[in-house]
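J.: Build me a model:
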Amino acid sequence: MNVSVVICTYSMDRYDPFSECVESVLAQTYEPLEIVLVVDGNDDVFKRVDDDFGDYENVVLHNNDENKGISYSRTKGAEIASGEIVAFTDDDATAEPDWIEKLVTVYKETDAIAVGGDVQPDWQTEKPAFFPEEFYWLVGVVEPGFASDGEEVRNTYGSNISYRREAFLNVGGYDPNTGRKGDKHLQAHEAPAGIRLLQEYGKGMIFTQNAVVHHKLFDYRGDFQWLVSRSFW
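T.: Below is the predicted model:
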């Protein structure tokens, strides 16, 4: 079962965590694995990505001709990908070495059309005292009671999510009108895709606790005003 992992980035300010993310995917125990790196219209970032990762045989690079947002970039990555399964993670996340192996196990053992895994917090600052774990969904981390292992859900979080590529593209991928784009931060582009998959194929996404990604939470994610703004979007 061939798997492609799509990682999107857009800013030099995020390059260090992005690089850590790519390295964690390069270190995966699963083969065959293709890695598709999509830069969202930033020539300087793309040149650095090319310098650092362009020589890897299993890495494919793409630079959008302009900033088009995370949803467009992820769908573009899926179109470029060659794998039967396409997985996505965020440029500020790092994956456990067996992340893809654990996702693939669910595909092989079930008739799953989509599989997502656990996202654990990787605080880069002290966790705010006022911020309960029940609000982890606000920062893209799995909250207590999200789902049981093996349970069917509408979708998991964007830093740990995968689909059968043909089905994902058949329902249109991610809507480019949702997701981050410049100063626009409309959230939850995974939800409409999950709904369309359910309508088209009658199946949701399988959640597995065994496939683990760690999502970096920087200082700003603990800022009260940022959380209010995030809630609004």
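J.: Please identify which helix or strand holds residue 87.
T.: strand 85-89 (DSSP states H and E).
J.: Give me the sheet partners of that strand and which way each runs.
T.: strand 3-9 (parallel), strand 161-164 (antiparallel) (DSSP bridges).
J.: For the biggest strand by length in the chain, which strands pair with it and how are they oriented?
T.: Taking DSSP state E as the criterion, the chain has its longest strand at strand 205-217. Looking at strand 205-217 with DSSP bridges, its partner strands are strand 93-95 (antiparallel), strand 114-123 (parallel), strand 152-153 (antiparallel).
J.: can you pull the buried residues of the first one?
T.: Spelled out, that is strand 93-95. 93, 94, 95 (16 or more other Cβ atoms under 10 Å). Where you see a C-beta, it was placed from the backbone N, CA and C, and this is true even at glycine.
J.: picking up where we left off before, looking at the strands paired with strand 85-89, which is nearest to residue 52?
T.: strand 3-9 (11.8 Å; Cβ to Cβ).
J.: Give the next helix or strand downstream of that closest one.
T.: Downstream of strand 3-9, the next assigned helix or strand under DSSP H and E is helix 15-26.
J.: That following helix packs against which elements?
T.: Counting contacts by 3 or more Cβ pairs under 8 Å, 6 or more residues apart in numbering; DSSP states H and E, helix 15-26 packs against strand 3-9, strand 33-39, helix 43-53, strand 93-95, helix 99-109.
J.: quick one, which of the ones you listed is packed in tightest?
T.: Neighbour counts (mean count of other Cβ atoms under 10 Å) averaged over each of these peak at strand 3-9, with a mean of 27.
J.: got a list of contacts for it?
T.: Applying Cβ atoms under 8 Å, 6 or more residues apart in numbering, the contact partners of strand 3-9 are 15, 18, 21-22, 25, 28, 30, 32-40, 45, 49, 70, 73-74, 77-78, 81-91, 100, 103-104, 162, 165.
J.: Output the below-cut-off pLDDT ranges for the protein.
T.: 178-187, 219-222 (pLDDT under 70).
J.: if we go to 80?
T.: 177-188, 218-233 (pLDDT under 80).
J.: Based on its surroundings, how many neighbours for residue 134?
T.: 10 (other Cβ atoms under 10 Å).
J.: helix, strand or coil for it?
T.: The three-state label given to residue 134 by DSSP: H, G, I helix; E, B strand; the rest coil is helix.
J.: Thought residue 141 was touching it, still the case?
T.: No: using Cβ atoms under 8 Å, residue 134 makes no contact with residue 141, being 11.0 Å away.
J.: which neighbours do the two share?
T.: Common neighbours of residue 134 and residue 141 (Cβ under 8 Å, 6+ apart) do not exist.
J.: any idea how far residue 196 is from residue 102?
T.: In this view, residue 196 and residue 102 are 25 Å apart by Cβ to Cβ, to the nearest Å.
J.: if you skip the residues just before and after it, what's nearest to residue 196?
T.: residue 171 (4.0 Å; Cβ to Cβ, 6 or more residues apart in numbering).
J.: List the buried residues of the host helix or strand of residue 193.
T.: Using DSSP H and E, residue 193 maps to helix 190-201. Residues of helix 190-201 classed as buried: 190, 192, 193, 194, 196, 197, 198 (neighbour count, 16+ other Cβ under 10 Å).
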